[in-house]
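A.B. asks: Let's see this in three dimensions:
(2 chains)
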Amino acid sequence: MNLLEIKNLKMDFGAGADALRAVDGVSLNIGVGETVCLVGESGCGKTVTALSIARLVPTPPANYVGGEILLNGRDVLKMSNGELRSIRGGVVSYVFQEPGASLNPVFRIGNQIKESLKLHRPDLGAPSTSSVRSDNQNHRVEPARGAPSRRKALDAEVIRLLKLVGIPAPESRIKNYPFEMSGGMQQRVMIAMALASEPKLLVADEPTTALDVTIQAQILELLHELKQRLGMAILLITHNLGIVGDMADRVAVMYAGQIVERAPAKELLRRPLHPYTKALINAVPKLAGGANRLSAIPGNVPRIGNFPPGCRFAPRCPIAKPECSEKIPELVGVEPRRFVRCPFYESK
Amino acid sequence: MAGGVILIVLYLVAIFAGFVAPYSYDRQDRDRFFHPPTSPRLSGFRLVVPRYEQLPGAFVYRAVADDTKPIHFFVHGGEYKLFGLIPATVHLFGTGDKNYPVYLLGTDQFGRDVLSRLLYGSQISLSIGVVGILLSFTFGMIIGGISGYFSGWTDTVIMRLCELIMSIPALYLIISLRATFPPGMSSPQVYAMIIIILSFIGWASMARVIRGMTLSLREQQFVLAARAMGQTHLKVIVRHILPNTFSYVIVAATLSVPYYILGEVVLSFLGVGIQEPSASWGNMLTAAQNTEYLRNYPWLLSPGAAIFITVLAFNFLGDGLRDAADTKS
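C.D. replies: Got it, this is the predicted structure:
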């Protein structure tokens, strides 16, 4: 069974005549321990799709009009508030784009990690009932003795987590405020916070966009290593195709609220099928390519609510035909494990 | 920061009022109504106070030459309770002789020592500001936080309520609210009532500002991160949003304390606040309503000077804190 199965998700912003469809029939699944990349330009609906997994998009203004999001086989869209709170962090954790903005500026990082621990691992540091219970029936665990041991256990766990994400001298770092750390360190703290609740799925929403290139590589390396060690699945959202090859098992490419191509990562990079994917890959500068001009995709992403009829990429597509503007093509399986939303794709 | 130092001294003196004050707030000296302030003199190495003699037929006193008593420190005097608990008799200074009283700020129309009443009154007047601020700001922050965080109709309802409260002139509201409480309440009851009335008016402006700050803070990513962690709405407000407003709140609170002190003064001045014989700066000033008193016995205005100094000190402290909290300059 898949850990996460998004089936034909449709989400509007606003309601009635003014409704704008931000996510239009997205289907995606992630197996246990798998890394899936969601790639696309800014504003194509990647982030709201990802936030929907824990139903973090506020409703209203958002409005789920169709589809289901099965997390561990249960539909997130039908969950009560209490259940939602337990899956947030408990099953799926998030790491966001701006590490500096994701940490509360007025609290020490140690306490912020502890907040997650207290929420999701209340047993941590609590004396186990079997060893404490004595023959005396009136015997109770005195809170005065229990409290320091719990605090110690929490501290130890925070230090363990900080060590896990590669922060040097974590014992002294837990007393730091977020502004006392560099962006890369802050992102490591965010990852530690996300891991604190031992999630099965880590959603990383452009985790490296705000960081410089060397730190980017370190953070990605860290995510990859953590995935191997902890066996969790990762949904990595990015608009950087360079990351895809290193990290992902499978890739989904989004354009204007729809998935236009889904494929195993290596194959997609070697042999993209959809014209949009091809254009994206051509737009990546290559070291060996000499001093040619970079190829750009002409035009702009259509604004939400102002989508062209038919295929949404058609106005920018080099191989567009007149019939492309008539009907939205379906996402169809064309080869084993490969899906593409274009009837005229060229497999070469 | 001079304001801070002055305030620390004022509050320390208020806490130890029983010890610093030479007399009790309700001790009457029936032989010395409207006694003028005694001025201690240096005689040799000792401070001495003269004995005063009343001229017949009027509340006019004259110091008797060469009839003095030295001031002693840590003398035994009238019994009082330190912190309202520990019975004690030691006072900071005094002569220990009732014929040679030390009335540094004179006595009032009942022969009570103005300085002692000023010190006991500061316990009420100074604490009302702090307690009132704590109450109204806590209330205002939570209401404002909820209003800004949830927005929508919750926000509309709460904000209209705030505007309603703010649109009523404060003094009329205070007096009409006072009228809803029964007359003849004991001093602690009146004290609690004043705080409740002042806080009831004060929370609205705080709630509005906090609501505005929450509107921008809730869009911050750390709020989303806290939600993604599975935190409840209320905890997100209390633990993540409100602490980010503290730098503003501390400054605003410091600058607002004077309004609460003045509020108590106004109520007591109008005779609906702290009742005699309990002392507060406001009800001590009631005596100053009489112009004849003012002309002949100007020392009765000394609570006004105390209010002036306190309010100024709070404003200086608030300004200092604002500069310290403002990282942009």
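
A.B. asks: Tell me the residues of the stretch 151-300 of chain A that contact chain B?
C.D. replies: A:Met190, A:Met193, A:Ser197 (CB under 8 Å from any CB of the partner chain). C-betas here are computed from N, CA, C, even on glycine.

A.B. asks: my guess is the second one contacts B:Gly230, does it?
C.D. replies: Spelled out, that is A:Met193. No: here A:Met193 does not reach B:Gly230: they are 11.9 Å apart, not a contact under CB atoms under 8 Å.

A.B. asks: which of those two has more neighbours?
C.D. replies: A:Met193 (29 against 22; other CB atoms under 10 Å in any protein chain shown).

A.B. asks: Would you mark the buried spots in the strand or helix carrying the more buried one?
C.D. replies: Using DSSP states H and E, the element containing A:Met193 is helix A:183-196. Applying a neighbour-count criterion of 16 or more other CB atoms under 10 Å in any protein chain shown, one finds A:183-196 buried in helix A:183-196.

A.B. asks: what's across from the closest residue to A:Ala19 other than its chain neighbours in the sheet?
C.D. replies: Sequence neighbours aside, A:Asp12 is the residue nearest to A:Ala19 in space, at 4.0 Å (criterion: CB to CB, 6 or more residues apart in numbering or on different chains). On the basis of DSSP bridges, A:Asp12 is bridged to A:Arg21, A:Asn63.

A.B. asks: quick one: contacts for the residue nearest to B:Leu217 when sequence neighbours are not counted?
C.D. replies: Computed as CB to CB, 6+ apart, the closest residue to B:Leu217 that is not its neighbour in sequence is B:Ile241, at 4.9 Å. Shown in contact with B:Ile241 (CB atoms under 8 Å, 6 or more residues apart in numbering or on different chains): B:Gly145, B:Gly148, B:Tyr149, B:Thr214, B:Leu217, B:Arg218, B:Val223.

A.B. asks: Just the CA coordinates for stretch A:50-63, please, in CSV.
C.D. replies: Output of stretch A:50-63 as CSV, limited to C-alpha atoms (Å, rounded to 0.1, in the frame of the first residue of the first chain):
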residue,chain,number,x,y,z
ALA,A,50,1.9,19.8,-0.7
LEU,A,51,0.2,21.7,2.1
SER,A,52,-3.1,19.9,1.3
ILE,A,53,-1.5,16.7,2.5
ALA,A,54,-2.0,17.8,6.1
ARG,A,55,-4.9,20.1,5.0
LEU,A,56,-2.8,23.2,6.0
VAL,A,57,-4.4,25.5,3.4
PRO,A,58,-6.9,27.5,5.3
THR,A,59,-10.5,26.9,4.2
PRO,A,60,-11.9,29.5,3.3
PRO,A,61,-10.5,30.9,1.1
ALA,A,62,-9.5,27.5,-0.2
ASN,A,63,-12.2,25.0,-1.1
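
A.B. asks: And the average pLDDT for it is what?
C.D. replies: Computed over stretch A:50-63, the mean pLDDT rounds to 82.

A.B. asks: likewise stretch A:267-276?
C.D. replies: pLDDT averaged over stretch A:267-276 gives 85.

A.B. asks: Could you export it as PDB, keeping only the C-alpha atoms?
C.D. replies: As requested, C-alpha coordinates have been extracted for stretch A:267-276 and formatted as PDB (Å, rounded to 0.1, in the frame of the first residue of the first chain):
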ATOM      1  CA  GLU A 267      14.300   8.300 -17.300                       C
ATOM      2  CA  LEU A 268      12.700  11.700 -17.200                       C
ATOM      3  CA  LEU A 269      16.000  13.500 -17.200                       C
ATOM      4  CA  ARG A 270      17.400  11.300 -20.000                       C
ATOM      5  CA  ARG A 271      14.300  11.200 -22.100                       C
ATOM      6  CA  PRO A 272      11.600  13.800 -21.300                       C
ATOM      7  CA  LEU A 273       8.400  13.300 -23.200                       C
ATOM      8  CA  HIS A 274       6.200  16.300 -22.600                       C
ATOM      9  CA  PRO A 275       7.200  19.400 -24.500                       C
ATOM     10  CA  TYR A 276       7.200  21.500 -21.200                       C
END
